Structures are given as C-alpha cells and as structure tokens.
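Novice: I would like the atomic coordinates for the input below:
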Amino acid sequence: MCGIVGYIGKEPLISFLLNGLSKLEYRGYDSAGIAIHKQDSIKVFKAQGKLDNLKNILKDNEEDEKAFIGIGHIRWATHGVPNEINAHPHVSFENNVALVHNGIIENYKELKEELTAKGYVFQSQTDTEVIAHLIENCLKDTKDFGNALRCALKKLDGAYALGVLFKDDPDTLYAAKKNAPLIVGLSEKGNYIASDVPALLEYTKKVIYLNDLEVAEIKENSVTITDINGNILKKKPEIIPWEPISINKMGYKHFMLKEIHEQPDVIRQTLFNRLTSQTDPIKLDEVKLTEESLKNLKRIQIIACGTSLHAALVGKYLIEEFIGLPVDVEASSEYIYKRVVSDKNSLTIG
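Specialist: Reported below is the predicted structural model:
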C-alpha cells in the first residue's frame, strides 16, 4: 500500500504535495518523492526513509514552489528494496513521462522483457518503472497523451492508481485507476488527486471517486473522465461530509495509537441501527446470504492484510469457538498467487 497525490493550479505546489503526503503517511514510510513540471522539463526529488527526509531536501525551495503542476508519492515497498532508486516518482527512458503508482502490476516481468528487447534501460527493481516506459513506447504511435496512457493501461494486469505527468503536456495532470483507490478533488483554486480523503480535506470537499478502468485528464479549471477506450463519461461530484479534525491524530503520537483508542466508538457506530435491543435480532440487510446457504456452509475463508489480518485471526477464533466451522485466514498480498480451493459451500470474506 502506497499513497499518491497530485495538484494542478496556481497555489503553492510543493506545500500541498508535502502536506498531502503527510496525511497519507499511514500508507507507507519506506521512501517519498515528488515530480514537478518546470521550464519544459520534469524535476524529480526523492528521499529514502520517512517523509521528513524529503521535507529537508525541499526546505526553502521557493522557486519550485511556484510550479504549476506536480505529483507526489509515499511508499510501502513491494517490488524492490526501500532505497532512493526504487522510490517514486519514476521517469521513462527518454524523460518524457513521470508517474507515481499505488498497486501491483502482476505481469511486469513479461512487460519488462519486451521493453528491454526494444532497448529500454531500467534503473530500478520496481514494477512501476515498467509503466513509465510502456507509456513512452505508446507515444511512438500517437501524439495524443491520453490515448498513449490508455494504450499502456490495456497491457497491464494487476492493480494501479496512477498520477502521470508528460513533459510535452505541461497543462494536464493525468490519473487512472484499477483495483486501487483514487479520488479527484475539485476547487476554484485548481484540481487535485489523492489516494484517500485526508489528503484533500484542507483544500476541498468536492470530489469525484474514480471507478476501475477510468482515466481522468485534469486541467486547472476542468476535468474530463473517460473509460479505457476513450469514451467520455459523465460523473457527478460528491461532497465529503467530514471535517478535517476527524482525520487528524487528535494529540496521539501516531494514527495506530489513535485507532486503538477509537475502537469502542467504532464498534458503537458500526452497530448503530443494526442492534437495537437485547431481544431483537441484529439487522444486516446488506448481507444477502439466505438461512439455507448459511446452514450448508462447510468452511469460511477470510482474506485480509495488515491489522485487518490480526482482526481476522480473532474472528477465526470466535467463529470456530462458537459455531464450530473451520476458518482459514489468508494474507491478501499472497492470495492471488496461490491455487484457491473452494466450492459452493465455502464463504469467502474479504
């Protein structure tokens, strides 16, 4: 899990990128980086370790603060060790494309072999660098930057949330999504992208949630969203009902400690209007399982990661103790690589 942000507009650029990334630090702490479009080129700044290391590099950088468009990334390493070379943003072979990525590209090895055979040289160990080279390769067949991005996306297997800059298109920020969260923020002072709401709340509450296989072409005063084939989609903006105070650390040293102390309130909120009295049954209208299918269950499988994996282990204990059904808990990061043994009498929770 990583976090990405992006902005196009006339407000202080680096300040937003760093502040936005600070709100996403729970998504990664192995490295951080930003890319900005400045004077017909793309400038990249990276640092290994926590976000503070990147902040020190960019301290007092008033000139680049005035840049018009940029993207940022905070990394939880998956492919490649956590170092500066593997940190995002990644730049294409001829420096025409820079991008940040949250997700995992399953077929990156095959794509890397194809691109290497065409003369592309890789600097990192990441799956993400493949995307940058692939987009640049697609630019050889089209002068339309959106089409080049969509061309590359059609060749990717796996999950991605992308923020993309093109050297020769300084007025557009591109974004794309498949199986990873990505939000477009709208305001009168420019437009934004982010992996999660907290990065945007100080700047706007008006957002568009991208769906899978959608591409956003974002300018300072407009946003065009298409499907992966280039068909324009009409998306209605939504208003986030949260206040910034609801997603800060509230005096706790870190978010994990805050989440631990919030657990009683979260349980109360989850059960509100579902468990109304001690005698009435719990209401789970969104669960579409019938009584007959529940009686026929022979096995339960829970797929999770991180702290959710530990919660799943608690769930395994409770289900086996009180119901007597066998429960398997699988790490979601490994689940896609293994053979799944399941049948009509198995329940999978993820």
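
Novice: What count of nearby residues applies to Cys138?
Specialist: Cys138 has 21 neighbouring residues, counting by other CB atoms under 10 Å. The C-beta positions use only the backbone N, C-alpha and C, and glycine is treated the same way.

Novice: just Ser22 next, same as before
Specialist: Neighbours of Ser22 under the rule other CB under 10 Å: 17.

Novice: And for Lys288?
Specialist: Using other CB under 10 Å, Lys288 is surrounded by 7 other residues.

Novice: Point me to the helix or strand that includes it.
Specialist: Using DSSP states H and E, Lys288 sits within no helix or strand.

Novice: what do you get for the one 4 residues further on?
Specialist: When secondary structure is defined by DSSP H and E, Glu292 falls within helix 291-295.

Novice: helix, strand or coil for Ala35?
Specialist: Under DSSP: H, G, I helix; E, B strand; the rest coil, Ala35 falls in the strand class.

Novice: What residues are bridge-paired with it?
Specialist: Beta-bridge pairing for Ala35 (DSSP bridges): Val44, Ile71.

Novice: so who does it touch?
Specialist: By CB atoms under 8 Å, 6 or more residues apart in numbering, the contact list for Ala35 reads Ile42, Lys43, Val44, Phe45, Gly70, Ile71, Gly72, Pro89, Val91, Ala98, Val100, Leu165.

Novice: Can you say which helix or strand has Asp64 in it?
Specialist: Counting by DSSP H and E, Asp64 is found in helix 62-65.

Novice: in that helix, what counts as buried?
Specialist: By neighbour count on 16 or more other CB atoms under 10 Å, the buried set for helix 62-65 is Glu65.

Novice: For it, give the mean pLDDT please.
Specialist: Here helix 62-65 scores 87 as its mean pLDDT.

Novice: oh, and call the first residue 14 from now on, that's how I've got it
Specialist: Understood, numbering begins at 14; the last thing we discussed is helix 75-78.

Novice: List the contacts of the helix or strand hosting Ile70.
Specialist: Secondary-structure assignment from DSSP H and E places Ile70 in helix 64-71. With CB under 8 Å, 6+ apart as the contact definition, helix 64-71 has outside contacts at 27, 31, 34-35, 38, 42, 45-47, 58-60, 77, 87.

Novice: Could you do stretch 24-34 as well?
Specialist: Under CB under 8 Å, 6+ apart, the answer for stretch 24-34 is 16, 18-20, 45, 47, 49, 64, 67-68, 71, 74, 77-87, 202-203, 205, 207, 212-213, 215-216.

Novice: Stretch 222-235 too?
Specialist: By CB under 8 Å, 6+ apart, stretch 222-235 touches 19, 21-23, 81, 159, 162-163, 166, 184-192, 195-197, 203-204, 206, 221, 236-241, 246, 251.

Novice: Fine by me, thanks again.
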